[in-house]
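Colleague: dropping the sequence and predicted coords here.
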Amino acid sequence: MQPERNLLKRRDIEALRTVEAAFHSGPLAELLGSAPELERRTGLTKDEFDREYRAQGRPVVLAGHVSDWPSVREWTFRSLAERCADVPVVVDSYNSKAARKSTFGAFVTRLEENTDGEDPIYLQEWLYRSSAPALAEDMPELDIARYDFRRELYGEAASTNHQLWIGQRGGVTRLHQDAYSVDVLHAQIVGEKRWYVMGPGAELLPGPDGEARLDALAASPDTRLTRFVLRPGDVLYLPAGWFHRIELVTDSIGLGRKALDESRLRAHVRQRIGELLALALNPDELRVTHSELFDVVVARARSLADRMDIDLSRLRQ
Ligand SMILES: O=C(O)CCC(=O)C(=O)O
């Protein structure tokens, strides 16, 4: 496999650290203060959304789009802990050193006790439908996401394999593009999150001395940096390929709902099959290219197989 030159696309720890540091000092960090807000629209109909945003690949925040969801009106950390006390979860799964197994109840108790602002804890990409499916009733299907072509590919159950992101003020999800060419539709349920977003053409390349050219990233029109805060009831639409980094402004619960545009079907299938084959045949390479996220990739594959009733244990025979 060719090594990826764009540091924004690499998932090894060195590249992740370089990119994360760029948000704290240097040319990119300086640009953050003057970055424009993403457009916010209220009361958009599905047709307007399709025409003005999806068809044109333009990101947008649909302000208050799901304010009437039961989850947005009723959920608290405590009420969820009571409903899912014994459900197994992996906390801080995006950080290979901090990742650990817990129960959802113990995770919330730890979050409530961890009040000194140090090392905020974050339950990232919880594929809750496999272990706590009843929660889905409080997050009805999004009208604007009906185009999700994964229904045709995998069936209803697998295509609704959404993720909850539940964490503590100060928690961060580092900059990434979503895998498998899917669009991001992220619904904010409890609390507030600040998003930093860059266009799919953003590039951070090494210069002749091997150092990352942060000045070129900050100066390029392809970077298209915006920042904005999502509040309860808001839904973010981010077309496939857009980079995003998230900071929790308060303790926060969000729902990551992905959708595959039919026009990206070929890229989606290529990436999914490529990843499954790499997992089955060459996991060592994936461990290197995805050193921080290897277990997350395995969890995604397991969860998809589970939702499709595929018994992966046969693979090992
Ligand atoms: O909320 C977060 O921390 C990350 C969410 C995300 O990356 C997504 O929904 O695609």
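Modeller: Cool, the structure landed. For clarity, every value in this text was computed on a predicted model and none was experimentally measured.
Colleague: which of the residues in the biggest helix by length in the chain are buried?
Modeller: Determined from DSSP state H, the single longest helix within the chain is helix 265-281. Residues of helix 265-281 classed as buried by neighbour count (16 or more other Cβ atoms under 10 Å): 268, 272, 275, 278-279. C-betas here are computed from N, CA, C, even on glycine.
Colleague: could you pull out the strands in the stretch 1-150 of the chain for me?
Modeller: Ranges of strands in the stretch 1-150 of the chain, per DSSP state E, counting those that start in this stretch, are 40-41, 60-62, 88-91, 100-103, 122-126.
Colleague: for the ones you listed, which one sits closest to Ile144?
Modeller: Across those, Ile144 has its closest neighbour in strand 60-62 (7.3 Å, Cβ to Cβ).
Colleague: what lines up beside that closest one in the sheet?
Modeller: strand 40-41 (parallel), strand 235-238 (antiparallel) (DSSP bridges).
Colleague: what would the strands of the stretch 1-150 of the chain look like in CSV with distance to the ligand?
Modeller: Shown next, in CSV, are the strands of the stretch 1-150 of the chain (distance: least, Cβ to the nearest ligand atom, whole Å):
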stretch, distance to the ligand
strand 40-41, 18
strand 60-62, 13
strand 88-91, 13
strand 100-103, 18
strand 122-126, 6
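Colleague: let's have these in JSON lines, adding mean neighbour count, distance to Glu156 and mean pLDDT.
Modeller: Below are the strands of the stretch 1-150 of the chain laid out as JSON lines (neighbours: other Cβ atoms under 10 Å; distance: least, Cβ to Cβ, whole Å; pLDDT from 0 to 100):
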{"stretch": "strand 40-41", "mean neighbour count": "16", "distance to Glu156": "29", "mean pLDDT": "98"}
{"stretch": "strand 60-62", "mean neighbour count": "22", "distance to Glu156": "24", "mean pLDDT": "98"}
{"stretch": "strand 88-91", "mean neighbour count": "18", "distance to Glu156": "24", "mean pLDDT": "94"}
{"stretch": "strand 100-103", "mean neighbour count": "14", "distance to Glu156": "28", "mean pLDDT": "94"}
{"stretch": "strand 122-126", "mean neighbour count": "23", "distance to Glu156": "20", "mean pLDDT": "95"}
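Colleague: what's the closest of these to Phe77?
Modeller: So among these, strand 122-126 is nearest, using Cβ to Cβ, at 10.7 Å.
Colleague: tell me the buried residues in the following helix or strand past that closest one?
Modeller: Using DSSP states H and E, the helix or strand that follows strand 122-126 in sequence is helix 150-154. By neighbour count on 16+ other Cβ under 10 Å, the buried set for helix 150-154 is 150-151, 154.
Colleague: now tell me what touches helix 150-154 from outside.
Modeller: Residues from elsewhere that reach helix 150-154 (Cβ atoms under 8 Å, 6 or more residues apart in numbering): 158-159, 182, 258-260, 265, 268-269, 304, 307-308.
Colleague: stretch 160-167 now?
Modeller: 77, 80, 107, 111, 120-130, 135-136, 139, 141, 173, 246, 248, 251-258, 303-304, 307.
Colleague: stretch 201-212 now?
Modeller: Contacts for stretch 201-212 (Cβ under 8 Å, 6+ apart): 5-8, 18-19, 22, 213-214, 216-217, 220, 222-225, 243.
Colleague: which bits of the stretch 101-250 of the chain sit near the ligand?
Modeller: Residues of the stretch 101-250 of the chain lying close to the ligand (Cβ under 6 Å from any ligand atom) are 165, 173, 178, 184, 186, 193, 244, 246.
Colleague: which of the residues you listed are buried?
Modeller: The buried subset of those - by 16+ other Cβ under 10 Å - is 165, 173, 178, 184, 186, 193, 244, 246.
Colleague: ok, Trp195 - how many residues close by?
Modeller: Applying other Cβ atoms under 10 Å, we find 22 residues neighbouring Trp195.
Colleague: how about Ser130?
Modeller: Applying other Cβ under 10 Å, we find 16 residues neighbouring Ser130.
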